[in-house]
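[1] Sequence first, then the predicted structure, then my questions.
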Amino acid sequence: MERQIKVSPNLAALAKETADVIFASASEAIAGQGKFSIALSGGRTPEALYTLLAQEPYRSVIDWAKVQVFFGDERCVPPDSPESNYGMARRAMLSKVPIPGDNIYRMRGEIDPNESAKEYGQMLKEKFGDGGIDLVLLGMGDDGHTASLFPGTEALNETKHRCVANFVPKLKTWRITLSAPFINQSKRVLILVAGKEKTQRLHEVLEGPRDPQRLPIQLIAPVKGQLVWMVDAEAAGMNE
């Protein structure tokens, strides 16, 4: 695995650098294989990125008709809920770029989570076989979770399935999430981390001992791909 850490001065610069990486990745994939697959993340930091991607020049220079959009995780809510990761991505970006509706593959948060995960996993198997998505966007929670892989939860032990339902006791709720082994088949994983409240946890994840049951994001290690931490200066601890 190739690991890089890129530090941007602020959230706006982080969004711009990430958008540039996505544009370059999409151009390369479309030139080589005629399509580009990306898995989106929920959260505040990605929302700034999606808003940017929906604007010029990205709206015009990315060949959206050849982009396939997937999701890293979803809350068990309908797609029009303010809590829905798909709903946020649709409002910030997907409704504003020329992407065909058939190219968007959402997790169905409104049905039974186990059924939804099974349905999504089967679709991923048909699409990717033993391979993975071109680019996966992830965030990191204050507790070291990523996607809906939370500390001490059952999904951390998943070895077989691409997508699973995961009960999160501290939130008293179910989530639907890609599994770490499937994420690790990706060609490129970008982890977006912003804000000074993430500084200590980020340092622990990157420099501390490996303890993925407590810090699930440590499970993310692409088998053949590239892992890039896209971090703002506050999260990196570079601002006083």
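    Thanks, I have it.
[2] quick check, Val231 in a strand?
    Yes. Assessed by DSSP: H, G, I helix; E, B strand; the rest coil, Val231 belongs to a strand.
[3] Okay, and the beta partners of it?
    Per DSSP bridges, the residues bridged to Val231 are Val7, Val193.
[4] who touches it in this structure?
    If you count contacts by Cβ atoms under 8 Å, 6 or more residues apart in numbering, Val231 has them with Ile5, Lys6, Val7, Ser8, Leu14, Val193, Ala194, Leu202. (Each C-beta comes from the backbone N, C-alpha and C, glycine too.)
[5] ranges for the strands of the chain?
    With DSSP state E as the criterion, the chain has strands at 2-8, 36-40, 67-71, 73-75, 135-139, 163-168, 173-178, 188-193, 226-232.
[6] what packs against the second one?
    It refers to strand 36-40. Packing partners of strand 36-40 (3 or more Cβ pairs under 8 Å, 6 or more residues apart in numbering; DSSP states H and E): helix 11-33, strand 67-71, strand 135-139.
[7] just checking, which of these sits deepest inside the structure?
    The highest mean neighbour count among the helices and strands packed on strand 36-40, using mean count of other Cβ atoms under 10 Å, belongs to strand 135-139: a mean of 26.
[8] which residues touch that strand?
    18, 22, 25-26, 36-43, 45-46, 49, 72, 146-147, 178, 183, 186-193, 217, 220.
[9] Neighbouring strands of that strand in the sheet, and parallel or not?
    Within its sheet, and counting by DSSP bridges, strand 135-139 is paired with strand 36-40 (parallel), strand 188-193 (parallel).
[10] hmm, who's touching the shortest one?
    Which is strand 36-40. Identification of contacts with strand 36-40 by Cβ under 8 Å, 6+ apart yields 22, 25-26, 29-30, 46, 50, 63, 66-72, 85, 89, 127-128, 133-137, 178, 183, 186.
[11] Quick check: the gap between the residue lying closest to Arg44 once chain neighbours are set aside and Leu227.
    Sequence neighbours aside, Ala194 is the residue nearest to Arg44 in space, at 7.8 Å (criterion: Cβ to Cβ, 6 or more residues apart in numbering). Separation of Ala194 from Leu227 (Cβ to Cβ, to the nearest Å): 18 Å.
[12] again, but for Glu154
    From Glu154 across to Leu227, the span is 24 Å (Cβ to Cβ).
[13] Val223 against Ile183, yeah?
    No. If you go by Cβ atoms under 8 Å, Val223 and Ile183 don't touch, sitting 10.1 Å apart.
[14] what's the nearest residue to Gly237 if we skip its chain neighbours?
    Using Cβ to Cβ, 6+ apart, the closest residue to Gly237 is Thr199 (4.4 Å).
[15] where does His161 fall, phi/psi-wise?
    phi -90, psi 150 (degrees, to the nearest 10).
[16] what about the nearest residue to Gly87 once chain neighbours are set aside, distance to Met88?
    Take Gly87 and drop its neighbours on the chain: the residue closest to it by Cβ to Cβ, 6+ apart is Pro79, 5.5 Å away. Distance, Pro79 to Met88, using Cβ to Cβ: 10 Å.
[17] who has more neighbours, the two?
    In this view Pro79 and Met88 are compared by other Cβ atoms under 10 Å, and Met88 has more residues nearby, 21 against 15.
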